[in-house]
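1. Test case, fold it:
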Amino acid sequence: MQAQEVEAMVKAGLPDCEIQVQADGNHYLVVAVGDRFAGMSAVKKQQLIYGTVKEPLADGRIHALTIKAFTPDEWKSR
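-> Purely as a prediction, here's the structure:
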């Protein structure tokens, strides 16, 4: 899968978030920024994003997925 395809899937599931995806083969890095992450644990943030790409994870098109999810304030202060 191309990074743009993964990005489109995540954006479709999280339309209120800013999404960036980088790819290295079938390993992907997803950076997501949105207010919806406020008050969520890191695990809950990851589960939310994993849910948007569960099919390609299950069938092996995505082998590894690294997730970095932030609220807008967390993003600004990093």
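
2. pLDDT wise, what is Ala64 at?
-> Predicted confidence (pLDDT) for Ala64: 94.

3. And stretch 43-54, what's buried?
-> For stretch 43-54, a neighbour-count test (16 or more other Cβ atoms under 10 Å) marks 45-46, 48-50, 52-53 as buried. Just so you know, the C-beta spots here come from the backbone N, C-alpha and C atoms, and that holds for glycine as well.

4. just the residues you listed now: which is nearest Arg61?
-> The closest of the buried residues of stretch 43-54 to Arg61 turns out to be Val53 (Cβ to Cβ; 9.0 Å).

5. was I right about the closest one contacting Leu65?
-> Yes. Judged on Cβ atoms under 8 Å, Val53 makes contact with Leu65 at a distance of 6.8 Å.

6. ok, what's across the strand from the spatially most central residue of the chain?
-> With distances taken as Cα atoms, centre = their mean, the residue of the chain nearest its centroid is Val30 (4.1 Å). Per DSSP bridges, the residues bridged to Val30 are Val21, Ile67.

7. residue contacts, Leu29?
-> Leu29 sits next to 21-23, 66, 68 when contact means Cβ atoms under 8 Å, 6 or more residues apart in numbering.

8. Need the pLDDT of it.
-> Looking at Leu29, its pLDDT is 98.

9. And it, how far from Gln46?
-> 13 Å (Cβ to Cβ, to the nearest Å).

10. Any buried residues in the longest helix along the chain, and which?
-> Secondary structure assigned by DSSP state H gives helix 3-13 as the longest helix of the chain. Neighbour counts over helix 3-13 (16+ other Cβ under 10 Å) mark 6-7, 9-11, 13 as buried.
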